[in-house]
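Undergrad: Provided below are the primary sequence and the corresponding predicted coordinates.
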Amino acid sequence: MVKPKADLSKISDSDNLITDLAIDSLSMLLMSLAIENKFGIQIDAKQQFLTVKDVVDYVGNACNSKE
């Protein structure tokens with residue numbers, strides 16, 4: 001498990017994953033794999049997440065389309 005470098009209580013939807021939360025490419029890959037495992041969805045390899053909201057929206061839409 002990857003431990004976040006940011007204080008989770010201070011993360012907002014508008015935070016940029018790279019500049020605000022210091023997520024590098026390896027952390028992004030691990031995050032994507034964890035999301036896929038947790039929610040049972042596939043994330044397109046070409047999908048680019050810039051903000052926390054991008055991730056939340058993508059997961060929400062992918063989970064809703066499974067139903």
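TA: Alright, I've got the coordinates.
Undergrad: Span of stretch 44-52 from start to end?
TA: For stretch 44-52, the first-to-last residue distance is 17 Å (C-alpha to C-alpha, to the nearest Å).
Undergrad: Report the buried residues of that stretch.
TA: 49, 51-52 (16 or more other C-beta atoms under 10 Å). Bear in mind the C-beta positions are built from the backbone N, C-alpha and C, glycine included.
Undergrad: Next: stretch 16-29.
TA: 17, 21, 23, 27.
Undergrad: Tell me where the model's unsure across the chain.
TA: The model of the chain has pLDDT under 70 over residues 1-4.
Undergrad: Please enumerate the strands of the protein.
TA: All residues of the chain lie outside strands when identified by DSSP state E.
Undergrad: Tell me which residue is most central in it.
TA: In the chain, the residue lying closest to the centroid (C-alpha atoms, centre = their mean) is Val55, at 4.3 Å.
Undergrad: what number of residues lie near the residue nearest to Leu21 when sequence neighbours are not counted?
TA: Spatial nearest neighbour of Leu21, excluding adjacent residues (C-beta to C-beta, 6 or more residues apart in numbering): Ala6 at 4.7 Å. A count of neighbours around Ala6, defined by other C-beta atoms under 10 Å, yields 13.
Undergrad: Do I have it right that Ala6 meets Ile18?
TA: No - contact criterion C-beta atoms under 8 Å: Ala6 and Ile18 do not qualify, at 11.8 Å.
Undergrad: Which one of the buried residues of stretch 44-52 is nearest to Glu36?
TA: Glu36 lies nearest to Phe49 out of the buried residues of stretch 44-52, by C-beta to C-beta, at 13.1 Å.
Undergrad: shouldn't the closest one be in contact with Tyr58?
TA: Yes - counting by C-beta under 8 Å, Phe49 does reach Tyr58; the two are 6.9 Å apart.
Undergrad: that older thread, kindly reformat the buried residues of stretch 44-52 as JSON lines containing distance to Ile41.
TA: As requested, these are arranged in JSON lines below (distance: C-beta to C-beta, whole Å):
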{"residue": "Phe49", "distance to Ile41": "14"}
{"residue": "Thr51", "distance to Ile41": "19"}
{"residue": "Val52", "distance to Ile41": "17"}
